[in-house]
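[1] Pasting a predicted model and its sequence here:
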Amino acid sequence: MDATVSAVDDRLRAVGQRLVDRHPEWESLLLRARDGYARGTVRLRWLANRLRYAAPPAPYRLLSVDPAAIERTVPVPGPKFKHAGVVVGGDWDRGGDRFAELDVFRAYERHFEAGVPWQETAFYDRVVDQIEAGSPQWGCRSQREFDERCDRLDTLYDRIAADGYRTQAELRDGAASDPIEGDDDHDRRALKTERFKHEIAVHVGRDGELLFADGRNRLSIAKLLGLDAVPVRVLRRHRRWQAVRDAWVRGDPVPAAHRAHHDLAGLKRGDR
C-alpha cells in the first residue's frame, strides 16, 4: 500500500506543480485537493489501525516533549502523511546521525551564539550549491531567495525567544504569522495536512527513543533557547514500541522505564 501511495503522490505532485506554474490562480484549489487526498490516506490508515491495535496511533496528536530528549535523526523520505500512524518493524530506527552533528544545527549555534553570519557557515554553502545545481531548497530557487529565508530564520528565533513556542494552530488562530512562511500562509494553515507539515515531527524507535524526523529549524531554536518542552507530532512507530502502547492500554505489565513516556501520556491504562 505504501509503495502505491508513494507512486500516486509523486505523480500528483508533478502534475500539480506544472499546473501551478501555468495557472498560479489554481494553487489554492490544488492545495485543497491535495489536503483532501492526504487526509483520506491518513484516515484509512487510522481505521485499519483501530482494528489492529489496542492503542491505535492518533496521527494528528501532539505530544509535549523536552527538546533535549531528541538526540538522534532517522530521516524517512516522502511527505509526512505517508508516515503518519505507520507501525513497522525492522531496523529503520537504527543508525542515523546525531542531531547536534547536522550542519544546520551547527550553523544555528555559530550564528546565534557566536554571531557568525549565515553566509559563513557550511550549511549555507551546501544549500546554495544545491540551488545552483538546479535543486530548489525550501521553496528557494536562487541565492537571493535563500538569503531572504535566512532573514526569516532570524525573525523566527527572535519571536520564539520573546513570545515562546507556538503551534501552527495557535498561529492560525492568532494574529501572528509564521515567520518562515510569511503572511500569505494563513490559507495553508487552514488546511490540516499543510498546517501539520510545519510542526516538529519525530518517530519512536523500538525502545521508545524519540527520533528526529522533520522541523529542524524549530527544534534547533528550541534546543539553543533551552526550552523545557515543545509540541511534537509522532509519525511512525516501531512495532516493538507499539506493543508497549498496546500492553499499557490492556493493563498488561510494562517496563518501569517506559511508564512515564510521553507517548503513553493520555492513554487510558487498562485494569487487570
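    Received the coordinates, thanks. Residues are numbered from 1 along each chain as shown.
[2] Report the contact partners of the nearest residue to residue 141 once chain neighbours are set aside.
    Distances taken as CB to CB, 6 or more residues apart in numbering put residue 131 closest to residue 141, at 6.7 Å, once the chain neighbours are dropped. The C-beta positions use only the backbone N, C-alpha and C, and glycine is treated the same way. Contacts for residue 131 (CB atoms under 8 Å, 6 or more residues apart in numbering) come out as 137, 140-143, 146.
[3] give me that answer again for 10 Å
    137-138, 140-143, 145-146 (CB atoms under 10 Å, 6 or more residues apart in numbering).
[4] can you check residue 141 too?
    Here residue 141 is in contact with 131, 134-135 (CB under 10 Å, 6+ apart).
[5] quick one: the helices in the stretch 151-272 of the chain?
    168-173, 186-189, 192-196, 216-225, 239-250 (DSSP state H, counting those that start in this stretch).
[6] could I get the ones you listed as JSON lines with distance to residue 89 and mean pLDDT?
    Shown next, in JSON lines, are the helices of the stretch 151-272 of the chain (distance: least, CB to CB, whole Å; pLDDT from 0 to 100):
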{"stretch": "helix 168-173", "distance to residue 89": "31", "mean pLDDT": "79"}
{"stretch": "helix 186-189", "distance to residue 89": "34", "mean pLDDT": "53"}
{"stretch": "helix 192-196", "distance to residue 89": "25", "mean pLDDT": "65"}
{"stretch": "helix 216-225", "distance to residue 89": "26", "mean pLDDT": "95"}
{"stretch": "helix 239-250", "distance to residue 89": "4", "mean pLDDT": "96"}
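[7] longest helix in the protein, by residue count?
    The longest helix of the chain (DSSP state H) is helix 27-52.
[8] for that helix, which positions count as buried?
    30-31, 34-35, 37-39, 41-42, 45-46, 49 (16 or more other CB atoms under 10 Å).
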